[in-house]
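# next comes the sequence, and after it the predicted model I'd like to discuss.
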Amino acid sequence: MAFASGHLQAHPLPPGVLGALSLAGYQLLVDVAGVGAGRLGPQAFLLVAPEQDGSQGGEMTHISLHQTRLGSEQEAFAYQQLAAQLGYLRLSGYRLALERSGLRSRISLVNPANGAIVMQVPEKHPGRLFGGGANVSALLATARSLPPAGPPPDLQSPELLRQAYLALALGDESTTGAEAAELADRALELTRADPSLDPVAALQSARQRG
């Protein structure tokens with residue numbers, strides 16, 4: 001079962017977790033397939049909804065790759081791009097296994113074809129369960145290098161297709177979150193008018209018309 005648009009908006013971090021991390025009132029920057037980026041002032045983090053098969057003990061949203069002080073606005077945008085890319089990979093068939101320690105989680109990206117873990121966020125460092133000082137840009141580059149686990153998202157599902165467009169639009173560093181959402185809506189309209197358009201062509205057309 002795929003995650004509906006706005007899943008993390010409807011399932012935010014629980015109040016107790018918010019208080020423990022001093023993140024009350026955080027801003028949700030992006031939400032693709034149950035993977036999102038959040039921010040509160042100088043802090044940034046990934047939010048992940050567990051797989052919906054019930055294998056991970058409930059539906060509570062998890063937090064991962066929590067960085068308490070961003071170095072730049074570009075680094076903040078990299079969190080959005082990483083969340084969107086992980087969401088896109090999930091739409092293509094990868095599973096996100098969550099290993100939890102206290103309030104935080106490490107995300108393992110699992111290829112369902114062979115059960116192999118192809119990437120972990122944050123990476124595990126010797127002596128530290130969930131690493132430390134993880135470079136979000138390096139993690140983003142690794143995520144982008146991975147091939148889809150399966151075929152593209154179902155073109156007959158507008159909801160899944162819009163999330164795919166959003167993830168693809170955020171891959172462009174010159175596109176803000178708000179602009180990416182507008183591009184996704186525009187590309188979806190173009191696809192409805194011309195079902196022969198593939199996602200990349202539809203998004204390029206949406207950019208040109210914008």
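Thanks, I have it.
# and the strands in this structure?
Remark: strands assigned in the chain by DSSP state E are 27-32, 35-40, 43-48, 62-67, 95-101, 104-111, 116-121.
# just put those strands in a markdown table and tack on mean pLDDT and mean neighbour count.
Backbone N, C-alpha and C define where each C-beta goes, glycine included. What follows is these, written out as a markdown table (pLDDT from 0 to 100; neighbours: other CB atoms under 10 Å):
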| stretch | mean pLDDT | mean neighbour count |
| --- | --- | --- |
| strand 27-32 | 92 | 21 |
| strand 35-40 | 93 | 24 |
| strand 43-48 | 92 | 24 |
| strand 62-67 | 88 | 21 |
| strand 95-101 | 86 | 17 |
| strand 104-111 | 88 | 20 |
| strand 116-121 | 91 | 16 |
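# distance of the most centrally placed residue in the chain from Q204?
In the chain, the residue lying closest to the centroid (CA atoms, centre = their mean) is A83, at 2.5 Å. Applying CB to CB, to the nearest Å, the value for A83 to Q204 is 23 Å.
# quick one, domains of this protein?
Following automatic domain parsing, one finds the domains of the chain at 7-151, 154-210.
# any buried residues in the lowest-mean-pLDDT helix or strand in the chain, and which?
Scoring the helices and strands of the chain by mean pLDDT, DSSP states H and E places helix 15-21 at the bottom, with a mean of 80. Within helix 15-21, the residues scored as buried using 16 or more other CB atoms under 10 Å are 17-18, 21.
# just give me the neighbour total for H11.
Per other CB atoms under 10 Å, the neighbour tally for H11 reads 17.
# could you do T61 as well?
Around T61 there are 20 residues (other CB under 10 Å).
# got it, and T68?
Other residues close to T68 by other CB under 10 Å number 12.
# how about the one 10 residues further on?
The number of residues packed around A78, counting by other CB under 10 Å, is 22.
# redo the buried residues of helix 15-21 as TSV? Include distance to A143.
Putting the buried residues of helix 15-21 into TSV (distance: CB to CB, whole Å) gives the following:
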residue	distance to A143
V17	25
L18	27
L21	24
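# low-confidence stretches in this structure?
For the chain, applying pLDDT under 70 flags the ranges 1, 54-59, 123-134, 151-155, 210.
# rerun at 50
Applying pLDDT under 50 to the chain flags the ranges 1, 125-129, 131-133.
# since that was my last question, I'll sign off now.
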